[in-house]
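Trainee: for reference, the sequence and a predicted model appear below.
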Amino acid sequence: MPDTDLLARIADCARAVAEREIMPRFRQVSAHRKHDGTLLTEADLASQAFLTRALPGIAPYPVLGEEMCAAEQKALLAANPDGLWVVDPIDGTTNFAHGLPMFSVSIALLRHGRTEFGVVHLPVLDETFSARRGHGAWLNGERLEAPAEPTRIADSVAAVEPKYLGGHLPVRIVTVAPFASQRNYGAATVDWCYLAAGRFDLLLHGAQKLWDYAAGALIAEEAGCLLGTLTRRDYWHCDPWTRSAIAARHPKAFESWYQWATQNR
């Protein structure tokens, strides 16, 4: 199958699972807490089951989903370097369970530890973000690209999740942050895609799981964003299970943002 067709089929799958399994349950299901304190709904499980059945028919690789146990997830990643689907059946389950529209379904195809194809679909907004490594990123078929000039850091809007930053950074973000305004939608994939689309200028997260960033980080990178982590500049060679993120919409803004975040830890 040509790679261009593969990306289109992944996007179709994301829209299909949203239509059949997620949106019919929006504002219709209760949630309970998992052992780690996060919420889980029937829609998460139904969405993951749908994707586990559907994706190997698009490309013959196993599926790693958020709602699997950690041991199974780690075994799948270790055993399938040549191809592995990584899905977040609903990113932003708390938003979904409380009737808030900021949630998504995220699908990524990994090869040798790097995402090659990524799709994030926001069902309520009917927005589908997609990317293919080395070929660009799109929103509903329109190409996403970095602007000619960066927004000044002092005028920037930043997506910041302070929960896992640790050290001095959470306080510094509140008291002396260099940007103009801060947002956090409670869904990492949404933050990545909004950075890619230029709705955010900067991004800072303390720790994301593989399914939080697998599709979204590729979409941002292919849209021209520059990515790093709190411990190293090479984003794709850090711990896959708890990866921090520092990113900027424009590469020229990245250096100042990276220096500020790492120096204020």
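Mentor: Looks like it came in fine.

Trainee: ok now stretch 125-139, how far from the chain's centre?
Mentor: Relative to its chain's centre, stretch 125-139 lies at 12 Å (CA atoms, centre = their mean, to the nearest Å).

Trainee: what's the answer for stretch 223-238, then?
Mentor: Chain-centre distance of stretch 223-238: 14 Å, with CA atoms, centre = their mean.

Trainee: against Asn140, how distant is Glu72?
Mentor: 34 Å (CB to CB, to the nearest Å). C-beta: built from backbone N, CA, C; applies to glycine.

Trainee: show me where the stretch 101-250 of the chain has its strands.
Mentor: In the stretch 101-250 of the chain, the segments counted as strands under DSSP state E, counting those that start in this stretch are 104-111, 114-122, 127-132, 136-139, 142-144, 157-161, 181-183, 202-208, 226-228, 243-248.

Trainee: so which of those strands comes closest to Leu77?
Mentor: strand 104-111 (8.0 Å; CB to CB).

Trainee: residues making contact with stretch 48-57?
Mentor: Stretch 48-57 is contacted from outside by 10, 13, 16-17, 20-21, 61-63, 65-67, 85, 87, 89, 105, 107, using CB atoms under 8 Å, 6 or more residues apart in numbering.

Trainee: only the buried subset of these, as a ChimeraX command please.
Mentor: To isolate the buried ones among the contacts of stretch 48-57 in ChimeraX, judged by 16 or more other CB atoms under 10 Å, type:
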select :10,13,17,21,61,63,65,66,67,85,87,89,105,107
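
Trainee: among the contacts of stretch 48-57, name the ones in strands.
Mentor: Here DSSP state E is the test, and these give Val63, Gly65, Trp85, Val87, Pro89, Val105, Ile107 as lying in strands.

Trainee: redo those as CSV? Include pLDDT.
Mentor: Shown next, in CSV, are those (pLDDT from 0 to 100):
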residue, pLDDT
Val63, 98
Gly65, 96
Trp85, 98
Val87, 98
Pro89, 97
Val105, 98
Ile107, 98
